[in-house]
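Colleague: here's a sequence, model it:
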Amino acid sequence: MGQVGGSLDAFIGAVHRRAAIFDHEIELIAGCFSQSSEKSNATGEALYLDPTRVYGSFEQMIMQEKERPDGDRIDFVSICTPNYLHFAPAKMALENGFHVICDKPMTLNLQEAKDLAAVVEKTGLVFGLTHNYTGYPMVKQARDMIRNGKLGPIRKVVVEYPQGWLSLDEENKDYKQAIWRTDPARSGAAGAMGDIGTHAENLAEYITGLKISELCADLTTFVPGRQLDDDGNVLLRFDGGAKGVLQVSQVANGEENSLKIFVYGELGGLEWHQMEPNTLYHKTQTSQQLIRPNVGEMSASAKAHIRLPAGHPEGFFEAFANVYRNFAYAIRAHVAGKPADPLYDFPGVQDGVRGLAFIDTVIASNKSEMKWTKFIQ
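Modeller: Residues are numbered from 1 along each chain as shown. Next up is the predicted model:
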């Protein structure tokens, strides 16, 4: 792996590294960790990398690694920079023969997302997107129960992602994460809806297997002077007739990362909370069942993403690592000329396009006086 972004003072970069090495499928051997050569070199030194493979730019890393012999060069590029720095390194890496895994949202805007999807299709290389919540075993279990008809036809979906960390004007307090996430030039056209709303959208579509067809959105910026939304509420219509509600906030004071989803069908309902990830609630009119790893009838996909015996908590890093492990398996299959095993799935480029289309549709709906806005393709 060669990493773009993720210097020592970056939160998500360290998460990517730890997730990547979790299963010994991946080794970090190169990187351009910052636009600052000093920061990049310091990060490489702290990670015990060969200093000749710590680069001053992603362009330098891609071109110099390309010149190395087979078996010595990197196999893929991991991108964990702010949103505006996703597209260029991803496109260049793919065009020079490297697979890519990228943080979300996939690009700064929808046109970049569509352009990147075209490059992925043209090159035939493996592309992964770190919608990491899809890596939780109980999320796989929920998806498979719905796919196998346990809930019957889906009627209602409620997905929530409240946070409180931007309740005050943190971007004016030299807080790096707040500064770029509230800057439209670096984050994109949406704030909370782009940052965590895309996670909620992806989770709802992943678990149910349904696609959002129309929505009605209301965005708010509560903190004075902030340039992007910090709160949003969206009514959803899905293909097939299901209805839903998606709400996100980064000014829900006191909340941490309280992502949760409720799915209701004709025969029952499911409920999952990210902060209690090892428990899935299966509810019917007559009973409520708690499903935990290795307990009850787990799907093959859920079992394939469990690492520990029942009673031992698995969490954020393990779910993130599942995405990286499955991505590595897909690269191995690609090298061997074989199809990837669908049991080890992970989000891809089309999930990234859906995420940017969701952002554009929400913004268009928020500006419109019409009740419903069709999902932008």
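
Colleague: ok, residues contacting the worst-scoring helix or strand of the chain on mean pLDDT?
Modeller: Lowest by mean pLDDT, DSSP states H and E among the helices and strands of the chain is strand 288-291, with a mean of 83. Strand 288-291 has contacts (C-beta atoms under 8 Å, 6 or more residues apart in numbering) with 138, 141, 279-283, 296, 298. C-beta here means a position set from N, CA and C on the backbone, and glycine is covered the same way.

Colleague: give me the sheet partners of that strand and which way each runs.
Modeller: strand 280-283 (antiparallel) (DSSP bridges).

Colleague: flag every buried residue along the strand it pairs with.
Modeller: 280-282 (16 or more other C-beta atoms under 10 Å).

Colleague: would TSV of those with distance to residue 377 be doable?
Modeller: Output for those, formatted as TSV (distance: C-beta to C-beta, whole Å):
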residue	distance to residue 377
280	32
281	34
282	34
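
Colleague: hmm, back to that, got the buried residues for the least confident helix or strand of the chain?
Modeller: residue 291.

Colleague: residues of whichever helix or strand comes after it that come out buried?
Modeller: Going down the chain from strand 288-291, the next helix or strand is helix 300-303, by DSSP states H and E. Neighbour counts using 16+ other C-beta under 10 Å place 301-302 of helix 300-303 among the buried residues.

Colleague: tabulate the CA atom coordinates of the following helix or strand past helix 300-303 in CSV.
Modeller: Using DSSP H and E, the helix or strand that directly follows helix 300-303 along the chain is helix 316-336. Output in CSV follows, covering the C-alpha atoms of helix 316-336 (Å, rounded to 0.1, in the frame of the first residue of the first chain):
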residue,chain,number,x,y,z
PHE,A,316,-15.1,0.5,14.6
PHE,A,317,-11.6,-0.7,13.7
GLU,A,318,-12.8,-4.3,13.0
ALA,A,319,-15.5,-3.0,10.6
PHE,A,320,-13.1,-0.7,8.9
ALA,A,321,-10.6,-3.6,8.6
ASN,A,322,-13.2,-5.8,7.0
VAL,A,323,-13.5,-3.3,4.2
TYR,A,324,-9.7,-3.3,3.7
ARG,A,325,-9.4,-7.1,3.9
ASN,A,326,-12.2,-7.6,1.3
PHE,A,327,-10.5,-5.0,-0.9
ALA,A,328,-7.2,-7.0,-0.6
TYR,A,329,-9.0,-10.2,-1.5
ALA,A,330,-10.5,-8.5,-4.6
ILE,A,331,-7.0,-7.4,-5.7
ARG,A,332,-5.7,-11.0,-5.2
ALA,A,333,-8.6,-12.3,-7.4
HIS,A,334,-7.9,-9.6,-10.0
VAL,A,335,-4.2,-10.6,-10.2
ALA,A,336,-5.2,-14.3,-10.5
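
Colleague: show me what whatever helix or strand comes next after helix 316-336 is packed up against.
Modeller: Using DSSP H and E, the helix or strand that follows helix 316-336 towards the C-terminus is helix 349-367. When contacts are defined as 3 or more C-beta pairs under 8 Å, 6 or more residues apart in numbering; DSSP states H and E, helix 349-367 sits against helix 110-123, strand 127-129, helix 198-208, strand 212-220, strand 231-238, strand 373-374.

Colleague: so the longest one versus helix 349-367, what angle?
Modeller: Helix 110-123 runs at 160 degrees relative to helix 349-367, counting by axes from the mean of the first three to the mean of the last three C-alpha atoms, to 10 degrees.

Colleague: any idea how far helix 110-123 is from the middle of the chain?
Modeller: Taking C-alpha atoms, centre = their mean, to the nearest Å, the mean C-alpha location of helix 110-123 is offset from the chain mean by 18 Å.

Colleague: how much space is there between residue 95 and residue 331?
Modeller: 17 Å (C-beta to C-beta, to the nearest Å).

Colleague: the two: which has the busier surroundings?
Modeller: residue 331 (19 against 13; other C-beta atoms under 10 Å).

Colleague: now stretch 61-79: mean pLDDT?
Modeller: For stretch 61-79, mean pLDDT rounds to 97.

Colleague: same thing with stretch 245-260?
Modeller: Stretch 245-260 comes out at a mean pLDDT of 97.
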